[in-house]
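1. Sharing a sequence plus its predicted fold:
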Amino acid sequence: MRILHTSDWHLGRSFHREGMLGHQAAYVDHLLAAVEVERVDLVVVAGDVYDRALPQVDAVRLADDTFARLAASRARVVVTSGNHDSAQRLGFGSRLIDAAGVFIRTDVDTVGTPVLFEDDHGAVAVYGLPYLEPDSVRERWGLAARSHEAALTEAMTRVRADLAGRPTGTRSVVLAHAFVAGSRPSESERDISVGGVSMVPAGVFDGVDYTALGHLHGRHTLTERLRYSGSPLAYSFSEADHLKGSWLVDLAADGAVAAEFVEAPVPRPLARLRGDLESLLSDPRLERHQGSYVQATLTDDSRPSQAMERVRARFPHTLVLGFERSQAMGGETPRARTTGRSDHEIALDFVADLRGVPASAAETRLLREAVDACCDDPDLDPVPAGGAR
């Protein structure tokens, strides 16, 4: 059986306020093309279909279109919910949708009930484990501990009990949404820690022919049988070096696994640039990043005027601009002397210390207006003798 493993679509998510829905739709086109070209039998989606529990209308439309197209394809589909999804909303109508060959599994009490498929070599049991919030299943399942490990251990106990009652030679696939030890997070995943602990040991999934993991946005191969596909698009600049896509997994008659990575299209690459402003604007080696989403960190000793506008003149898709104080300026935020001084004087000194140059006359006037606007009575902050207003 040929399986395409994907996860963490996060439909409706933005990237530093840039809408990603068009890029996500392009990924869906790629996914459907891969199903046909690679002659995929089964697509598994390991959680976080949506980016939020109450997704925006356009994201729901894209999901609806995606599942309809997959239902009309050569492949059958198993989908589980992730920590970003609402299990109830994603799972609505799932019993009706089953008839179309798209199996959405969001009910925690059915983790030991597989979707059964057949190929030329016999049965394949696919167990969809939705995201298991420990607090929501602890009492229901009588767990001894409040942890992700306890919840997934119980879920896998139910999976193994079901497998034990099936004919010898039945192959098994598990979908799970979790943070498994041995993998590395990026900056775009939501923290799922309970009591300060979020990871579960990889051994929880022992005995399964293939486990398709979701939650982490980078691809990881923990073992040949235990993998993260990662998100199909980058959702933070920490993912600038990620290779995005999905795993194409061949499940042999004896349960052996062979996998190769199918790269997804990159609608706009990411670049993290660092240096003084003039270098970023003039370095010919940076020309290749002019079409990229850019995170720029300026190292000038004083903060340049209109820095974002000037950076965007060369890199129009700059989304994040930061400033890094040089060693000459010191690494700490300056602290102004406050005793016996007006708010206006303190603000002016802060600007001068932070930037390395005093505020201009126009900035001085603006700071005075801001200080006065914050006071109940502007007269309580008198203009010092000879001070600017």
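-> Received the coordinates, thanks. What you see is a predicted model; the values in this text were computed from it and never measured.
2. what's the offset of the helix or strand of the chain with the lowest mean pLDDT from the middle of its chain?
-> Least confident element among the helices and strands of the chain, by mean pLDDT, DSSP states H and E: helix 343-355 (a mean of 80). Computed by C-alpha atoms, centre = their mean, to the nearest Å, the chain-centroid distance of helix 343-355 equals 39 Å.
3. After it, which helix or strand is next?
-> For helix 343-355, the following helix or strand on the C-terminal side (DSSP states H and E) is helix 361-373.
4. angle of the least confident helix or strand of the chain against helix 361-373?
-> Counting by axes from the mean of the first three to the mean of the last three C-alpha atoms, to 10 degrees, helix 343-355 lies at 130 degrees to helix 361-373.
5. If you count neighbours, what's buried in helix 343-355?
-> By neighbour count on 16 or more other C-beta atoms under 10 Å, the buried set for helix 343-355 is 343-345, 347-351, 354-355. Using the backbone N, CA and C atoms, a C-beta is placed for each residue, glycine as well.
6. before we move on, what about stretch 151-169?
-> Neighbour count says stretch 151-169 has 151-156, 158-159, 162-163 buried, by 16+ other C-beta under 10 Å.
7. ok, so of those, who is nearest residue 8?
-> Set against residue 8, the nearest of those by C-beta to C-beta is residue 152 (17.9 Å).
8. Which of the helices or strands spans that closest one?
-> Counting by DSSP H and E, residue 152 is found in helix 148-164.
9. follow-up on the earlier one: by contact count, what packs against the least confident helix or strand of the chain?
-> For helix 343-355, the packing partners by 3 or more C-beta pairs under 8 Å, 6 or more residues apart in numbering; DSSP states H and E come out as helix 361-373.
10. Buried residues in the helix it packs on, which are they?
-> For helix 361-373, by 16+ other C-beta under 10 Å, it's 364, 367-368, 371-372.
11. Check stretch 138-155 too.
-> Across stretch 138-155, burial judged by 16+ other C-beta under 10 Å covers 138, 141, 143, 147-155.
12. Reformat the residues you listed as JSON lines; add distance to residue 132 and pLDDT.
-> Shown next, in JSON lines, are those (distance: C-beta to C-beta, whole Å; pLDDT from 0 to 100):
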{"residue": "138", "distance to residue 132": "10", "pLDDT": "94"}
{"residue": "141", "distance to residue 132": "9", "pLDDT": "96"}
{"residue": "143", "distance to residue 132": "10", "pLDDT": "95"}
{"residue": "147", "distance to residue 132": "10", "pLDDT": "92"}
{"residue": "148", "distance to residue 132": "7", "pLDDT": "93"}
{"residue": "149", "distance to residue 132": "10", "pLDDT": "94"}
{"residue": "150", "distance to residue 132": "9", "pLDDT": "95"}
{"residue": "151", "distance to residue 132": "4", "pLDDT": "96"}
{"residue": "152", "distance to residue 132": "6", "pLDDT": "97"}
{"residue": "153", "distance to residue 132": "10", "pLDDT": "96"}
{"residue": "154", "distance to residue 132": "8", "pLDDT": "97"}
{"residue": "155", "distance to residue 132": "6", "pLDDT": "97"}
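13. List the contacts of residue 134.
-> 143, 146-148, 150-151, 194 (C-beta atoms under 8 Å, 6 or more residues apart in numbering).
14. er, residue 269 actually
-> Residue 269 is in contact with 240, 289, 291-293, counting by C-beta under 8 Å, 6+ apart.
15. Check residue 36 too.
-> Residue 36 is in contact with 73-74, counting by C-beta under 8 Å, 6+ apart.
16. now swap in residue 370 and tell me
-> With C-beta under 8 Å, 6+ apart, residue 370 has these contacts: residue 347.
17. Please report how far it lies from residue 304.
-> Between residue 370 and residue 304 the computed distance is 22 Å (C-beta to C-beta, to the nearest Å).
18. swap in residue 281?
-> Distance, residue 281 to residue 304, using C-beta to C-beta: 10 Å.
19. Quote the end-to-end distance of stretch 284-291.
-> 14 Å (C-alpha to C-alpha, to the nearest Å).
20. ugh, wrong one, stretch 115-129
-> 12 Å.
21. Quick one: distance of that stretch to the chain centre.
-> That offset, for stretch 115-129, works out to 29 Å (C-alpha atoms, centre = their mean).
22. any idea of the mean pLDDT in that stretch?
-> Stretch 115-129 carries an average pLDDT of 97.
23. So which bits of that stretch are buried?
-> Neighbour-count burial for stretch 115-129 flags 115, 117, 124-129 (criterion: 16+ other C-beta under 10 Å).
24. Grab the nearest non-local neighbour of residue 70.
-> residue 77 (4.9 Å; C-beta to C-beta, 6 or more residues apart in numbering).
25. where along the stretch 151-300 of the chain do the strands fall?
-> 171-177, 179-180, 199-200, 210-214, 220-223, 226-228, 245-251, 257-263, 270-275, 293-298 (DSSP state E, counting those that start in this stretch).
26. most packed of those?
-> strand 210-214 (a mean of 28; mean count of other C-beta atoms under 10 Å).
27. list the contacts for residue 294?
-> 270-273, 311, 315, 317-320.
28. In a strand, the residue nearest to residue 70, correct?
-> Yes: assessed by DSSP: H, G, I helix; E, B strand; the rest coil, residue 77 belongs to a strand.
29. Show me what it bridges to in the sheet.
-> On the basis of DSSP bridges, residue 77 is bridged to residue 43, residue 102.
30. Tell me, what's the model's pLDDT at it?
-> pLDDT recorded at residue 77 is 98.
31. OK, contacts around it?
-> Contact analysis of residue 77 by C-beta under 8 Å, 6+ apart lists 42-45, 67, 70-71, 101-103.
32. May I see the strands of the stretch 151-300 of the chain arranged in JSON lines, with mean pLDDT as well?
-> Formatted as JSON lines, the strands of the stretch 151-300 of the chain follow (pLDDT from 0 to 100):
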{"stretch": "strand 171-177", "mean pLDDT": "98"}
{"stretch": "strand 179-180", "mean pLDDT": "92"}
{"stretch": "strand 199-200", "mean pLDDT": "88"}
{"stretch": "strand 210-214", "mean pLDDT": "98"}
{"stretch": "strand 220-223", "mean pLDDT": "96"}
{"stretch": "strand 226-228", "mean pLDDT": "97"}
{"stretch": "strand 245-251", "mean pLDDT": "98"}
{"stretch": "strand 257-263", "mean pLDDT": "98"}
{"stretch": "strand 270-275", "mean pLDDT": "97"}
{"stretch": "strand 293-298", "mean pLDDT": "97"}
